[in-house]
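J.: Turn this into a structure:
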Amino acid sequence: MSSIIKSLSYMTQLKEITFTENNQAELVLSNDQHIPISRRYLKVFKEALGLC
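T.: Purely as a prediction, here's the structure:
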């Protein structure tokens, strides 16, 4: 549960989402921290944002 809360707090700091050619993505936060999103979670992430 704490990982979900931590993930939601990152969304308030989200600066950019970069999608790569190998079906992965990376979040770039306002402090320039990069957080990778694996292929395993990418579909769920896109659905949560309404991108699918």
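
J.: and the residue nearest the centre of the chain, what are its bridge partners?
T.: Centroid-nearest residue in the chain: residue 27, 4.7 Å away (criterion: CA atoms, centre = their mean). Beta bridges link residue 27 to residue 17, residue 35, judged by DSSP bridges.

J.: ok, it touching residue 34?
T.: Yes: taking contacts as CB atoms under 8 Å, residue 27 lies within contact range of residue 34: 7.2 Å. Where C-beta positions appear, they are placed from N, C-alpha and C, glycine not excepted.

J.: and the residue nearest to the centre of the chain, what does it touch?
T.: 10, 14, 16, 17, 34, 35, 36, 37 (CB atoms under 8 Å, 6 or more residues apart in numbering).

J.: quick one, helices of this protein?
T.: 2-11, 39-49 (DSSP state H).

J.: Which of these has the lowest mean pLDDT?
T.: The minimum mean pLDDT among the helices of the chain belongs to helix 2-11 (a mean of 56).

J.: what residues are up against residue 34?
T.: Per CB under 8 Å, 6+ apart, neighbours of residue 34: 26, 27, 28.

J.: One more pass at 6 Å, please.
T.: 26, 28 (CB atoms under 6 Å, 6 or more residues apart in numbering).

J.: mind starting the numbering at 11 from now?
T.: Noted, 11 is the first residue going forward, which turns the last one into residue 44.

J.: if I look at it, how far off is residue 24?
T.: Going from residue 44 to residue 24 by CB to CB, to the nearest Å gives 12 Å.

J.: likewise residue 60?
T.: Distance from residue 60 to residue 24, by CB to CB: 15 Å.
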